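> 3D, please:
(chains A and B)
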Protein chains: 2
Amino acid sequence: MTRIRPAILCGGSGERLWPLSRKSAPKPFHTLLSDRTLFEDTLLRCTGEGEGVSFSDPLIIAGQAIEQPVRDALKSAGITAASMAFEPMGKNTAPAAGIAALLAQKQDGPEALVLLVPSDHHIAPVSKFRETIAAAAPLAADGKIVVFGIPPTRPETGYGYIRQGEALGEGFAVEKFEEKPNVDTAKDYLAAGNMLWNAGIFLFRADVLLGELGLYEPDVLATINLALSEDDSIDADLFSTGPSIPIDIAVMERTKYAAVVPARFDWSDVGTWPSLMDAVEADEEGNVLAGDVTALDTTGSYVRGEGITVTALGVDNLVIVATKDAVFVAPKDKAHDVKKILGTLKEKGRDELS
Amino acid sequence: MTRIRPAILCGGSGERLWPLSRKSAPKPFHTLLSDRTLFEDTLLRCTGEGEGVSFSDPLIIAGQAIEQPVRDALKSAGITAASMAFEPMGKNTAPAAGIAALLAQKQDGPEALVLLVPSDHHIAPVSKFRETIAAAAPLAADGKIVVFGIPPTRPETGYGYIRQGEALGEGFAVEKFEEKPNVDTAKDYLAAGNMLWNAGIFLFRADVLLGELGLYEPDVLATINLALSEDDSIDADLFSTGPSIPIDIAVMERTKYAAVVPARFDWSDVGTWPSLMDAVEADEEGNVLAGDVTALDTTGSYVRGEGITVTALGVDNLVIVATKDAVFVAPKDKAHDVKKILGTLKEKGRDELS
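Take a look at the predicted model:
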């Protein structure tokens, strides 16, 4: 039974799920896939023992603006022993990963295994998730920085890809990280058989991650070492001076310790309304209806009403999402572009809606 | 200059304009076509002198439930000398027409000319409306009950039709009132050249209308004679026992005095969202956007937000209407069926929404 310290990242606002997801109530705190929020589902997925993995109490690295929703969610999930560090501002995932490693090192020593997970993904079933973590643990214990790769099921252009290299334990060396492809390249990747989606989930030893961060991005390591206090608070002035950079660029694309382990679980970043729709089971008419919705003669549509009644008559393949103050309507194949709407609203000075 | 007593009917809830139009805030009290409500536009259309017509102070026959909105609208239109009769319950238009005739007779004597107009139609321009009334006045003064007919511009199946008979002054005798036709019949009517839409607007002498009502529906006349008090209040118990019947069936389809005068004005009953859309000028993309709306890459659509922000991305030929508590989305060619939604909501016990 390998002991793993989960480190849960809770940052971005999930703008592409507007109007539901807002700065004040971002994506992880909505009940999008089950009757629990994505954040609660993430917490529960990284708890307890089973499938060869024993999860320690979680570390939470979150934005200061959402401290209260985080504390409320921990309470409602019955988790009392979490360690929390709240970032005064977003600096992307490299500083957050470093902070997670520092916290784990402090609690468990330098060889602590840290599982870095976003808190706004769809992952199922939990048993397969734990199995995959268990399979990757020996590689991480051996000094690899493991990223989990999702075997692609479609020519997706919205995700980055990982090109597998030689076999390595239960996984592979990383030959190369590839940017989000165009559709032709995505088709090639799908056919190739050695390409995996980058799910942004990592398993590493605290000391290895910190060492590589110090090697490739010493400013990041120096900043978090200075800014993170003994009580896990983060000094805003010190933290603000550090670089903003994702862990992928800071470390993964440079380190010689990168390894990839294929996921055995279903995964989606549920980043857009269409991807969210695909992640849940539709009814007989191909609709996903959530909240206070009445839909007649309607097919293939995602309709959601939160705090408001939403009705649809005779519509096909539409996304309709409404909250108390805003409504968004788009065809399913265009709904991923909701940021265009947000951009226009911002130009109009309607900041209260974002 | 012919003196005309306008009698403005204000009854039905305009369910087909749900979710905007409600029992508590029915269609006439919304700003759908201009920056004034339909009721205010109706009042202003039937005021003052010009084009051969001099309008006396209006009579208002309205449902008791909307007494306050009626009084508020009169105030905001600056009309202080209206006579009002509030019906304790809806009994369709025959009792209302009779009450209008009784009130006019009391104020102006038996030969008073009464113009009976709904308060929720689109009519423009006002000068042509007044011209048409002036043209019909000699017929009405001569004892005809004049209905105004709209020359059809499309094979409309949503209106009743009037078949013109022999020429009569500025109009025609009515040969026959025809029910709402199917589409083939509507095409025949359009081609025939002697068929007019029944706009539900009437001009008559008070004594003639009351005589014909007494002849064909004596129960209606007896009921309103009993129920209408000297102070224009209507006794609920007495009124409730009377028949509910439209003036078309009670009188127009039976009387030998029916005449029709073709309208020189543009008219629509703006009964549905698509017909409302057709009654106003669309923008370059063919959209009609009303209220707090942001629409990108959107064409041919009616989008309205009242008390809520409505956004649309990449949609075509949709009706999207949202209020603070309800959203309705349908293709433009299906939006006339909004009553299906209301029916389902009622089955669900959601009476607060209707």
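
> Show me the shaky parts of the stretch 101-250 of chain A.
Filtered on pLDDT under 70, the stretch 101-250 of chain A yields no residues whatsoever.

> What's the nearest residue in it when you look at chain B?
Minimum separation of the stretch 101-250 of chain A from chain B (C-beta to the nearest C-beta) falls at A:Gly158, amounting to 17.2 Å. Where you see a C-beta, it was placed from the backbone N, CA and C, and this is true even at glycine.

> What about that residue, how many residues nearby?
15 (other C-beta atoms under 10 Å in any protein chain shown).

> Please identify which helix or strand holds it.
Counting by DSSP states H and E, there is no helix or strand that carries A:Gly158.

> List, one by one, the residues from chain A near chain B.
Residues of chain A found near chain B, taking C-beta under 8 Å from any C-beta of the partner chain as the criterion, are A:19, A:294, A:296-297, A:305, A:308-315, A:318, A:320, A:322, A:324-331, A:334-335, A:337-338, A:340-341, A:344-345, A:348, A:350, A:353.

> Buried subset of those residues, written for ChimeraX?
The ChimeraX command for the buried members of the residues of chain A next to chain B (criterion: 16 or more other C-beta atoms under 10 Å in any protein chain shown) is given here:
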select /A:19,294,296,305,308,309,310,311,312,313,314,315,318,320,322,325,326,327,328,329,330,331,334,335,337,338,340,341,345,353
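
> now, which of the residues of chain A next to chain B lie within strands?
Among the residues of chain A next to chain B, the residues falling in strands (DSSP state E) are A:294, A:296, A:305, A:308-313, A:318, A:320, A:322, A:326-331.

> ranges for the strands of the stretch 151-300 of chain A?
With DSSP state E, counting those that start in this stretch as the criterion, the stretch 151-300 of chain A has strands at A:161-168, A:171-178, A:195-205, A:258-262, A:266-268, A:288-296.

> hmm, back to that, ok, the residue of the stretch 101-250 of chain A closest to chain B to A:Met252 distance?
19 Å (C-beta to C-beta, to the nearest Å).

> and if you look at A:Ala140?
14 Å.

> higher neighbour count, these two?
Neighbour tally, A:Ala140 and A:Met252, criterion other C-beta under 10 Å: the higher count belongs to A:Ala140, 27 against 23.

> Is the more buried one in contact with A:Phe204, as I believe?
Yes: using C-beta atoms under 8 Å, A:Ala140 makes contact with A:Phe204 at a distance of 5.6 Å.

> joint contacts of those two?
Taking C-beta atoms under 8 Å, 6 or more residues apart in numbering or on different chains as the criterion, A:Ala140 and A:Phe204 both touch A:Leu113, A:Val146.

> Can you name the residue of the stretch 1-150 of chain A nearest chain B?
A:Pro19 (7.7 Å).

> Let me see the backbone angles for that residue.
phi -90, psi 0 (degrees, to the nearest 10).

> In contact with the closest residue to it other than its chain neighbours, which residues are there?
Computed as C-beta to C-beta, 6 or more residues apart in numbering or on different chains, the closest residue to A:Pro19 that is not its neighbour in sequence is A:Ala326, at 3.7 Å. A:Ala326 makes contact with A:Trp18, A:Pro19, A:Leu353, B:Ile308, B:Thr309, B:Val310, B:Thr311, according to C-beta under 8 Å, 6+ apart.

> Point out the least confident member of these, please.
Lowest pLDDT of the contacts of A:Ala326: A:Leu353, 92.

> Wait, that residue touches B:Val310, no?
No: A:Leu353 is not in contact with B:Val310 according to C-beta under 8 Å; the separation is 11.4 Å.

> what's the distance between A:Ile247 and A:Gly149?
Taking C-beta to C-beta, one finds A:Ile247 at 15 Å from A:Gly149.

> Compare these two (neighbour count), which wins?
Ranked by neighbour count (other C-beta under 10 Å), A:Ile247 and A:Gly149 place A:Ile247 first, with 28 against 25.

> surely the more buried one meets A:Thr93?
Yes: assessed by C-beta under 8 Å, A:Ile247 is found in contact with A:Thr93 at 4.4 Å.

> Just put the strands of the stretch 151-300 of chain A in JSON lines and tack on distance to A:Val280.
Shown next, in JSON lines, are the strands of the stretch 151-300 of chain A (distance: least, C-beta to C-beta, whole Å):
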{"stretch": "strand A:161-168", "distance to A:Val280": "25"}
{"stretch": "strand A:171-178", "distance to A:Val280": "29"}
{"stretch": "strand A:195-205", "distance to A:Val280": "19"}
{"stretch": "strand A:258-262", "distance to A:Val280": "24"}
{"stretch": "strand A:266-268", "distance to A:Val280": "10"}
{"stretch": "strand A:288-296", "distance to A:Val280": "6"}
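
> From B:Val114, how far off is the closest residue in space to A:Glu178 that isn't next to it in sequence?
Leaving out its chain neighbours, the residue that sits closest to A:Glu178 by C-beta to C-beta, 6+ apart is A:Tyr161, at 4.2 Å. A:Tyr161 sits 78 Å away from B:Val114, going by C-beta to C-beta.

> can you tell me which residues contact the residue positioned nearest the centre of chain A?
Against the mean C-alpha coordinate of chain A, by C-alpha atoms, centre = their mean, the closest residue is A:Pro118 at 3.0 Å. A:Pro118 makes contact with A:Ile8, A:Leu9, A:Thr42, A:Gly200, A:Ile201, A:Asp269, according to C-beta under 8 Å, 6+ apart.

> How about A:Ser240?
A:Ser240 is in contact with A:Pro88, A:Met89, counting by C-beta under 8 Å, 6+ apart.

> Next one: it relative to B:Glu156, how far apart?
66 Å.

> Show me the helices in the stretch 101-250 of chain A, by range?
Remark: helices assigned in the stretch 101-250 of chain A by DSSP state H, counting those that start in this stretch are A:126-141, A:183-192, A:206-216, A:218-227, A:236-240, A:247.

> how much does the first one deviate in direction from strand A:195-205?
Read that as helix A:126-141. 60 degrees (axes from the mean of the first three to the mean of the last three C-alpha atoms, to 10 degrees).

> Please name every helix or strand in contact with helix A:126-141.
Contact partners of helix A:126-141 among helices and strands, from 3 or more C-beta pairs under 8 Å, 6 or more residues apart in numbering or on different chains; DSSP states H and E: strand A:2-10, helix A:38-45, strand A:53-55, strand A:113-118, strand A:145-150, strand A:171-178, strand A:195-205, strand A:258-262.
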